[in-house]
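Q: curious how this folds, go ahead:
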Amino acid sequence: MEKVALITGAAGGLGRSLAARLAEEGWRLIVTSRERERLTDSYGDRHLQVVADCSSIAGSRHIFEVAKAHQLLPTAFAHCVGNIRLGALHRMSEADFAACINANLVSAFHTLAAFVGALRDAKSPGSAVLVSSAAARIGTPNHEAVAAAKAGVEGLVRSAAATYASNGIRINAVAPGIMDTPASAAILGTTMGRDAAARQYPLPGIGSPDELAELMAWLLADKAARVTGQVWSMDAGFSTIRPLVR
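A: The predicted structure follows:
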């Protein structure tokens, strides 16, 4: 049976890394973005490309309508949509907060709902992996908005995993530290900023989207058939340990 995977936010750094990994493993891909030009630049004429804003019910459902029109049912789903809005709580504008919640949490809710709905209609099992953040696991200055959004993602994963386990649908999340992607360019764009970010981790350095993509691909595959409702940290120990002070 053909393996079909959906990657939302596929034009971003993590989405591109995961697409490359899944394609190597023999998956047929449906890739989405809000911007057609970014999809074309990333993939040329490869894969089924769908332009959609998955932060709305209509946008999320549109993805699966297009897939159905092409006689495809994605049984794996990776939600790579998100943004990083940094700033202290009292200085965060309403527009920035809304953009952060919509990109990171609302989009995850609506697209996961459309995914499990399609699987239930087809009476098919499946697997999903969403992206949280180390900031949802430990207090980090100036991360209030993204921490709130990603903590919501983690709660969504655990509850949805419980709801749909009887349908054979597995739902997990990954929680990385900072990664070397375009979304982090404002933080890592200078030598000073990059060095400061690298030093904050017990295992110093900057994460690679390829490393996280490998973990996500494993969670989507049958090798992880007994794993659901989990949030897997890949943050160099940031959320759980303190380095020795020397």
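
Q: mean pLDDT per helix and strand in the protein: which one sits at the bottom?
A: helix 185-188 (a mean of 62; mean pLDDT, DSSP states H and E).

Q: the host helix or strand of Arg21: how far from the chain's middle?
A: Using DSSP states H and E, Arg21 sits in helix 13-24. The chain centroid and the centroid of helix 13-24 are separated by 12 Å, computed with C-alpha atoms, centre = their mean, to the nearest Å.

Q: that one: which residues count as buried?
A: Using 16 or more other C-beta atoms under 10 Å as the test for burial, helix 13-24 gives Gly13, Leu14, Gly15, Arg16, Ser17, Leu18, Ala19, Arg21, Leu22. C-betas here are computed from N, CA, C, even on glycine.

Q: please apply the same query to stretch 63-79.
A: Within stretch 63-79, the residues scored as buried using 16+ other C-beta under 10 Å are Ile63, Phe64, Val66, Ala67, Leu72, Leu73, Pro74, Thr75, Ala76, Phe77, Ala78, His79.

Q: residues contacting the last one?
A: Read it as His79. With contact set as C-beta atoms under 8 Å, 6 or more residues apart in numbering, His79 has these partners: Thr8, Gly9, Ser107, Ala108, Thr111, Leu112, Ala128, Val129, Leu130, Val131.

Q: who's in contact with the third one?
A: If I follow you right, that is Ser107. So Ser107 contacts Thr8, Cys54, Ser55, Ser60, His79, Val81, Gly82 (C-beta under 8 Å, 6+ apart).

Q: go with 6 Å
A: Applying C-beta atoms under 6 Å, 6 or more residues apart in numbering, we find Ser107 in contact with Cys54, Ser55, Val81.

Q: how about the closest residue in space to the last one that isn't next to it in sequence, what does it touch?
A: Spatially, and ignoring its direct neighbours in sequence, Val81 is nearest to Gly9 (3.7 Å; C-beta to C-beta, 6 or more residues apart in numbering). Contacts for Gly9 (C-beta under 6 Å, 6+ apart) come out as Gly15, Cys80, Val81.

Q: switch the cut-off to 8 Å
A: Gly15, Thr32, Ser33, His79, Cys80, Val81, Gly82.

Q: low-confidence stretches in this structure?
A: For the chain, applying pLDDT under 70 flags the ranges 1, 181-189, 193, 197-198, 245-246.

Q: how close does Ala113 sit to Arg61?
A: 9 Å (C-beta to C-beta, to the nearest Å).

Q: and those two? which has more neighbours close in?
A: Shown here are Ala113 and Arg61; by other C-beta atoms under 10 Å, Arg61 has more neighbours (18 against 15).

Q: hang on, that one packs against Ala114?
A: Yes: contact criterion C-beta atoms under 8 Å: Arg61 and Ala114 qualify, at 5.3 Å.

Q: which strand or helix spans Tyr46?
A: Actually, residue 46 is Arg rather than Tyr. Counting by DSSP H and E, Arg46 is part of no helix or strand.

Q: quick check: phi and psi on it?
A: For Arg46, the backbone dihedrals (degrees, to the nearest 10) come out as phi -90, psi 150.

Q: could you report the neighbour count for it?
A: For Arg46, the count of nearby residues is 12 (other C-beta under 10 Å).
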